[in-house]
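# I need the structure of the sequence given here:
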Amino acid sequence: MINVGIIGTGWFSGVHAKILQKMEGVRIKAICGTSKVKAENYAKEYDQAKGYADFKEMLDEEKLHAVYICVPPFAHTEIELELISRKIPFLVEKPLSANLEIPKQILLKLNENPIITSVGYHFRYRNTIKTLKTELEDQKLGMITGGWMGSMPAVPWWRNQQTSGGQFIEQTTHLVDLLRYTVGEVEEVFAAYANRSIAAEQYEHVSVHDVGTVTLKFQNGVIANLSNTCILPDGVSNVGLDYYTNKGILHIGFDNLDISKQGTKLSIKETVDPYVKENEAFIHAIRTGDTSPILSTYQDAYKSQEVTVAALTSARTGAPVKI
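Numbers count the residues shown, from 1 in each chain. A predicted model of the protein is given here:
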């Protein structure tokens with residue numbers, strides 16, 4: 001039996017917990033929250049799970065084979081370092097932090113004391129992404145445009161630059177990571193961010209930029225432009241990427257892949273739950289030691305963090321940033 005602990009009581013914790021609960025040979029043993037009451041209430045949904053307010057106490061009391069870290073960007077560092085020191089594998093939700101300094105510390109410790117890790121870039125596990133990668137093998141890619149256009153999340157920490165890192169680091173990172181996975185590594189970033197103050201009309205203490213656009217130059221010569229905004233009203237969004245090739249356009253959305261080339265158009269709907277695939281890959285690695293199904297390790301995700309933080313630096317300085 002694989003005993004799992006979960007740190008965090010938010011939405012992502014529930015996504016993973018509900019999947020883990022259905023997996024044979026897996027037991028959720030502990031939930032850690034910002035208060036014991038909150039953790040205990042959350043733990044009631046899962047048989048034999050116990051609630052904790054202190055993650056070190058949880059690790060001391062429970063024999064855990066793996067831990068899921070589902071906390072806001074500002075809450076990282078101590079958790080990961082403690083798990084590494086105890087040699088407990090972990091799956092951590094993106095982004096790795098609100099900055100690059102914290103992931104640097106964690107990466108250094110991981111390189112000194114390797115353990116199994118996985119990062120929640122779940123888009124990589126979609127069947128449509130696998131098809132997209134296959135299509136790109138047979139086409140000459142020129143450029144990509146895309147964006148993450150939506151509304152301002154309701155949680156206060158998201159609206160604070162210091163605690164979330166801003167939209168490109170916290171949210172659009174999914175698209176950055178997908179580009180790295182399907183195109184290659186980024187060598188230069190140039191960004192322009194702005195505050196249109198639209199969010200301030202609805203929320204107090206907003207310090208994140210609410211519009212931005214970022215140009216990425218890849219090592220293989222491909223260029224991409226990613227834009228994001230959080231000024232849209234609730235329920236209105238536009239998220240996706242368009243790949244422009246010598247044979248047509250490949251569009252990837254939240255749950256579809258549209259292939260348009262030479263007068264034909266094929267629309268492919270997603271057929272798998274990428275969260276399930278992501279969890280299966282991690283648990284398989286814990287059970288067998290085979291990490292090959294894990295598509296995003298901490299070491300790999302660090303490179304996506306580098307790009308998103310470089311974009312923030314570029315926006316602040318007005319100059320391109322080399323990776």
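
# residue with max distance from the center of the chain?
Most distant from the centre of the chain: Gly263, at 35.4 Å, with distances by CA atoms, centre = their mean.

# Could you look up the next helix or strand downstream of the lengthiest helix in the chain?
Criterion DSSP state H: the longest helix present in the chain is helix 298-317. As assigned by DSSP states H and E, the chain's next helix or strand after helix 298-317 is strand 321-322.

# quick one: the most centrally placed residue in the chain from Tyr244, how far?
By CA atoms, centre = their mean, the chain has its centre lying nearest to Lys94, at 3.3 Å. Spatial separation of Lys94 from Tyr244 under the definition CB to CB, to the nearest Å is 27 Å. For glycine as for every other residue, the C-beta is placed from the backbone atoms N, C-alpha and C.

# returning to that earlier point: which non-adjacent residue is nearest the residue nearest to the centre of the chain?
Gly120 (5.1 Å; CB to CB, 6 or more residues apart in numbering).

# and the gap between Ser197 and Asp210?
With CB to CB as the criterion, Ser197 and Asp210 are 8 Å apart.

# what's the answer for Phe74, then?
Distance of Phe74 to Asp210, computed by CB to CB: 20 Å.

# Those two: which has the busier surroundings?
Asp210 (22 against 16; other CB atoms under 10 Å).

# Now that the more buried one has come up, it's in contact with Arg196, right?
Yes. Between Asp210 and Arg196 there is a contact under CB atoms under 8 Å: 5.5 Å.

# Touching both of the two, which residues are there?
Here Asp210 and Arg196 have Ile231 as joint contacts, going by CB atoms under 8 Å, 6 or more residues apart in numbering.

# And stretch 100-119, how far out from the chain middle?
With CA atoms, centre = their mean, to the nearest Å as the basis, stretch 100-119 stands 16 Å off its chain's centre.

# Could you list the buried residues of that stretch?
Leu100, Ile102, Pro103, Ile106, Leu107, Lys109, Leu110, Ile115, Ile116, Thr117, Ser118, Val119 (16 or more other CB atoms under 10 Å).

# do stretch 316-323 as well
Buried residues in stretch 316-323 (16+ other CB under 10 Å): Val321.

# if we can go back for a sec, and the residue farthest from the centre of the chain, how close does it get to Thr131?
The value you get for Gly263 to Thr131, if CB to CB is used, is 20 Å.

# List the residues that contact Leu91.
His16, Ala66, Val67, Tyr68, Ile69, Thr117, Ser118, Val119, Gly120, Glu278, Asn279, Phe282.

# Likewise for Arg316?
With CB under 8 Å, 6+ apart, Arg316 has no contacts at all.

# how does it look with 10 Å?
Ala191, Tyr193 (CB atoms under 10 Å, 6 or more residues apart in numbering).
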